[in-house]
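In: got a predicted model here, sequence first, then my questions.
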Amino acid sequence: MKVLVADKFEKSGIDGLKAAGIQVVYEPDLKDDALTQAIAASGADVLVVRSTKVTTPMLDAGRLSLIVRAGAGYNTIDVAGASRRGIYVSNCPGKNAIAVAELAFGLILALDRRIPDNVREMRAGTWNKKEYSKAQGLYGRTIALLGVGSIGQEMIRRAAGFGVNVIIWSRRFDGQERSLTEIEARDMGIENALRAVAIELAPTPADAVSRADIVSVHLALGPETKGLVNAALLAKMKPGTIFINTARGEVVDHAALAAAVAERGIRVGLDVYASEPAAATAPFKDDLVDLPGVYGTHHIGASTDQAQEAIAAETVRIIRSYKESGQVPNVVNLARRTPATHMLVVRHRDRPGVLAHVFDHLRRANLNVQETENIVFEGAEAAVARINLDGEPPSTLCEKIKTENGDVFDLQLVTL
């Protein structure tokens, strides 16, 4: 197996892939046409990327069968195109959750105590204790979390440490208004946090942000979340609310956010933006980050040594599993439900040609096999095949399958 790594990647990950007997081509600066050409020339089976875009021409350039996003989000990959070509897309969810939560809380603290402004004036030779002694503090305040995946759960743990109460809006709890239960907290690994602070569910994003002193966004980007934080939602926030976005820039209407900063004193910490340079170093101008009360970082949420080592290890695990078993952990583009309407269960002797006989009859009847598995009994004398079909085979077809091959014991048809 050959792997093309087309982004910066930890040495431990490269070493782990080689130790698994995998040939590695490491070219971290490849992009656009150069990457398309490298995919074709290398004959790579697997492509590993971080922020690099993976486009349709790249999918058609070579023989890729797996793309691994060495991170959580995968919006830079043409997932629909990969699905049409039977190419797995996998990611490394949760491995950077602690790093992102640490940065989000760093921005919260920085905004509450105006740490960057303190530093700037100190470096300019000004002592201004009178001004910078003004801060509300975090203890006893309330944070609204929009999204409660792995990063949101790490935010809850840190909020509990600071004595900050939590309001959650999440699509998994959409429309619910109640306290989080102990069972739910245990399932998310935040039972200790529930003992320390109040954790409430809000029925809508508007309800969540209207009750909070701090709002932090932890949503994946999709059609239903793009622009979710708009002028109407920002208007529900209290004046002076701290707003944090370390998720995706496109989740927020940045023009509306700038207006909320200017008109209502919303204080903002951003790690992601409406338009970001593709290169690691480049000129950057965003009028929003020039406003007073807005602090920005350079999309570095996942960029700690700990997070990158964890992501590298997970990437190696994914590719190693694919090489050794054909199974891909964390696949994001498999159908949740196939168009199958019926399952044909075939008990048969474990002999060559039995399943070929079954599939040949199904093909002649223009029935498509959506999924299949063949389970062998102890001793390898018999097996049972479960074959999901996109239509109902007629009884006459089932009878032919059963009677025309003496190694078929029995058939059962199940409606799905």
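Out: In hand now; what should we look at?

In: packing partners of the lengthiest helix in the chain?
Out: In the chain, with assignment by DSSP state H, the single longest helix is helix 305-325. In terms of contacts (3 or more C-beta pairs under 8 Å, 6 or more residues apart in numbering; DSSP states H and E), helix 305-325 is packed against helix 11-19, strand 46-49, strand 66-69, helix 97-113. For the C-beta atoms, the positions are set from N, CA and C on the backbone; glycine is no exception.

In: of those, which is nearest residue 329?
Out: When the helices and strands packed on helix 305-325 are compared by C-beta to C-beta, strand 66-69 sits nearest residue 329, at 10.0 Å.

In: what's the first helix or strand after that closest one?
Out: Heading C-terminal from strand 66-69, the first helix or strand you meet, by DSSP states H and E, is helix 79-84.

In: any idea which element the residue nearest to residue 185 when sequence neighbours are not counted lies in?
Out: Leaving aside its sequence neighbours, residue 185 sits nearest to residue 194 (C-beta to C-beta, 6 or more residues apart in numbering; 4.2 Å). Per DSSP H and E: residue 194 is located in helix 191-196.

In: what strands line up against the helix or strand just after that helix, and which way round?
Out: Downstream of helix 191-196, the next assigned helix or strand under DSSP H and E is strand 199-201. Sheet partners assigned to strand 199-201 using DSSP bridges are listed as strand 165-169 (parallel), strand 178-179 (antiparallel).

In: contacts for the last one?
Out: With contact meaning C-beta atoms under 8 Å, 6 or more residues apart in numbering, strand 178-179 is reached by 198, 199, 200, 201.

In: swap in stretch 115-132?
Out: Contacts for stretch 115-132 (C-beta under 8 Å, 6+ apart): 109, 110, 113, 114, 295.

In: give me the mean pLDDT for it.
Out: Stretch 115-132 comes out with an average pLDDT of 96.

In: residues contacting the closest residue to residue 404 other than its chain neighbours?
Out: Spatial nearest neighbour of residue 404, chain neighbours left out: residue 357 (7.2 Å); criterion: C-beta to C-beta, 6+ apart. Counting by C-beta under 8 Å, 6+ apart, residue 357 makes contact with 401, 404, 405, 408.

In: now, those residues that are in helices?
Out: Residues from the contacts of residue 357 lying in helices, with DSSP H as the criterion: residue 401.

In: picking up where we left off before, and the helix holding residue 194, what does it pack onto?
Out: Against helix 191-196 (3+ C-beta pairs under 8 Å, 6+ apart) you get helix 150-161, helix 182-188.

In: for the record, mean pLDDT for the first one?
Out: Translated: helix 150-161. Here the average pLDDT along helix 150-161 is 97.

In: and for it, what are the contacting residues?
Out: 72, 93-94, 96-98, 100-102, 104-105, 143, 145, 148, 165-166, 168, 170, 188-190, 192-193, 196-197, 199, 216, 218, 246-247.

In: and stretch 338-352, end to end?
Out: Distance between the two ends of stretch 338-352: 28 Å, counting by C-alpha to C-alpha, to the nearest Å.

In: sort out which residues of that stretch are buried, please.
Out: Of the residues in stretch 338-352, those buried under the neighbour-count criterion (16 or more other C-beta atoms under 10 Å) are 340, 342, 343, 344, 346, 348, 350.

In: what of stretch 106-115?
Out: Per 16+ other C-beta under 10 Å, stretch 106-115 contains these buried residues: 106, 107, 108, 110, 111, 112, 113, 114.

In: with mean pLDDT as added columns, please give the strands paired with strand 199-201 in a markdown table.
Out: Listed next are the strands paired with strand 199-201 as a markdown table, based on pLDDT from 0 to 100:
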| stretch | mean pLDDT |
| --- | --- |
| strand 165-169 | 98 |
| strand 178-179 | 96 |
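
In: so which of the ones you listed comes closest to residue 388?
Out: Nearest to residue 388, of all the strands paired with strand 199-201, is strand 165-169, at 36.9 Å by C-beta to C-beta.

In: pretty sure residue 247 is touching residue 222, no?
Out: No - at 11.3 Å, residue 247 does not count as touching residue 222 under the criterion of C-beta atoms under 8 Å.

In: pick out whichever of those two has more residues nearby.
Out: More crowded of residue 247 and residue 222, by other C-beta atoms under 10 Å: residue 247, with 28 against 13.

In: nearest residue to that one other than its sequence neighbours?
Out: residue 217 is the one closest to residue 247 (C-beta to C-beta, 6+ apart), at 4.8 Å.

In: over to residue 173?
Out: Nearest residue to residue 173, sequence neighbours excluded (C-beta to C-beta, 6+ apart): residue 201, at 4.8 Å.

In: any idea how far residue 186 is from the one you found?
Out: 16 Å (C-beta to C-beta, to the nearest Å).

In: neighbour count: these two, which is higher?
Out: residue 201 (23 against 12).

In: who does the more buried one form a beta bridge with?
Out: Under the criterion used (DSSP bridges), residue 201 bridges to residue 168, residue 178.

In: you'd agree it is up against residue 174?
Out: No - using C-beta under 8 Å, residue 201 is not in contact with residue 174, being 9.5 Å away.
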